[in-house]
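Novice: Quick one, structure for this:
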Amino acid sequence: MTPIKIGIIGVGNCASSLLQGTIYYQKKKYNNAGGILNWSINGYTPADIEVVSAFDIDKRKVGKDVHDAIFERPNCTKKFVDNMPIAGVKVSMGKILDGFSEHMKDYEPDYTFLICDQKEPTKSDVIKTLKHSGTEVLLNYLPVGSEAASRFYAECALEAGVSFINNIPVFIASDPVWAERFKSRGIPLIGDDIKSQLGATIVHRVLTNLFEKRGVKLEKTYQINTGGNTDFLNMLNRNRLDKKKESKTSAVQAVLREKLEDRNIHISPSDYVPWLNDNKVCFIRMEGRIFGDIPMDVELRLSVEDSPNSAGAAIDCIRLCKLAIERNIGGVLEAPSAYYCKHPPVQYVDDEAFLLLKDFISNK
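Specialist: The predicted model follows:
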């Protein structure tokens, strides 16, 4: 099949895992392809994805072949493909705007960005790159809090006629104005804030739904996350966290019949621990009452490599956008957004979102 041509904004850990995966699964078959949610979507497998454009602002990445750039610092995710072939795609200088938090200059070079001194592109430059490369689907992997930069690239995608997957907690798909703009242009859009394949949000949602189904009254809960990648380092600037907290909290509140008061639910990244690298450690506590109003609680610790966990969902979203392109479906893809994102325009419990997704794929 003709490869699905993708572009990437931010050649960080998530991009590294995703691009390694497109090569890793070339050697796999359906019956031995572990870690894939959907092996085939409309005939496309994970191996049918090709990167054709990429943008970053780090001088260690800009100008390099993207398959080399994914292993440059400050990337620290696991390498599971030893010999990445040359992609033949150079990383272009990206637009900075608010995509870099000033506090990160205080850390050692290995743990932060080294800003490239090349001239930043204009909107016309980015649009030209997207069109010339034949990019069909553009993935936003900018740091949390990159409001202006995300809107800049969403605008570029719109004008270039390119599908957009918003993997971060900036509200594009869940903003009615942006949603309508993509719909009016007939361009597929998935967002906002991708859920990991088996991460803190989906586990917390499943447990919350279990409380509901088993008649346990949930009274208080928290979810605290720590990690050592640049995502967690970036989020030490608490001013960049508002949308992230809102996105993660709404994802859990959405499966409750009665929402918890703000003081009784706390979901947030907590701290940056450098030696964890790309490993994310999550702590969840849930307090409730069973029969006779007798108190009970659950505590859970989840440890997982963060970026491959994200790539497991993103690789489906890419193929779902391609499916929508082939079916002439524009605007927000409601079922994929609900199943794969924390802050979609419409929230569904996961079982319902899963069925809607299957219907979307089978064109029911």
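
Novice: now stretch 8-16, how far from the centre of its chain.
Specialist: 10 Å (Cα atoms, centre = their mean, to the nearest Å).

Novice: mind listing the helices for the stretch 151-300 of the chain?
Specialist: In the stretch 151-300 of the chain, the helices defined using DSSP state H, counting those that start in this stretch lie at 176-185, 200-213, 230-234, 242-253.

Novice: Need the winner for burial among those helices.
Specialist: helix 230-234 (a mean of 23; mean count of other Cβ atoms under 10 Å). C-betas here are computed from N, CA, C, even on glycine.

Novice: quick one: low-confidence ranges for the stretch 51-200 of the chain?
Specialist: Nowhere does the stretch 51-200 of the chain drop to pLDDT under 70.

Novice: measure residue 190 to residue 347 for me?
Specialist: Noted for residue 190: a distance of 15 Å to residue 347, by Cβ to Cβ, to the nearest Å.

Novice: Which one's more surrounded, those two?
Specialist: Counted by other Cβ atoms under 10 Å, residue 190 and residue 347 do not tie: residue 190 has more neighbours, with 31 against 19.

Novice: just checking, the more buried one touches residue 323?
Specialist: No: in this structure, residue 190 is not within contact of residue 323 by Cβ atoms under 8 Å, at 11.2 Å.

Novice: Going by length in residues, pull out the top helix of the protein.
Specialist: Counting by DSSP state H, the longest helix found in the chain is helix 306-326.

Novice: Only alpha carbons, please: show that helix as PDB.
Specialist: Provided in PDB are the C-alpha atoms of helix 306-326 (Å, rounded to 0.1, in the frame of the first residue of the first chain):
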ATOM      1  CA  ASP A 306       6.300   6.900  28.900                       C
ATOM      2  CA  SER A 307       7.000   7.500  25.200                       C
ATOM      3  CA  PRO A 308       6.400   4.000  23.800                       C
ATOM      4  CA  ASN A 309       3.100   4.100  25.800                       C
ATOM      5  CA  SER A 310       2.100   7.200  23.900                       C
ATOM      6  CA  ALA A 311       3.200   5.800  20.500                       C
ATOM      7  CA  GLY A 312       1.000   2.800  21.000                       C
ATOM      8  CA  ALA A 313      -2.000   5.100  20.700                       C
ATOM      9  CA  ALA A 314      -0.600   7.600  18.200                       C
ATOM     10  CA  ILE A 315       0.100   4.900  15.600                       C
ATOM     11  CA  ASP A 316      -3.600   4.100  15.500                       C
ATOM     12  CA  CYS A 317      -4.600   7.800  15.300                       C
ATOM     13  CA  ILE A 318      -2.400   8.200  12.200                       C
ATOM     14  CA  ARG A 319      -4.100   5.400  10.400                       C
ATOM     15  CA  LEU A 320      -7.600   6.600  11.500                       C
ATOM     16  CA  CYS A 321      -6.800  10.000  10.000                       C
ATOM     17  CA  LYS A 322      -5.800   8.300   6.700                       C
ATOM     18  CA  LEU A 323      -9.100   6.300   6.800                       C
ATOM     19  CA  ALA A 324     -11.000   9.600   7.200                       C
ATOM     20  CA  ILE A 325      -9.100  11.100   4.300                       C
ATOM     21  CA  GLU A 326     -10.000   8.200   2.000                       C
END
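
Novice: No more questions from me, cheers.
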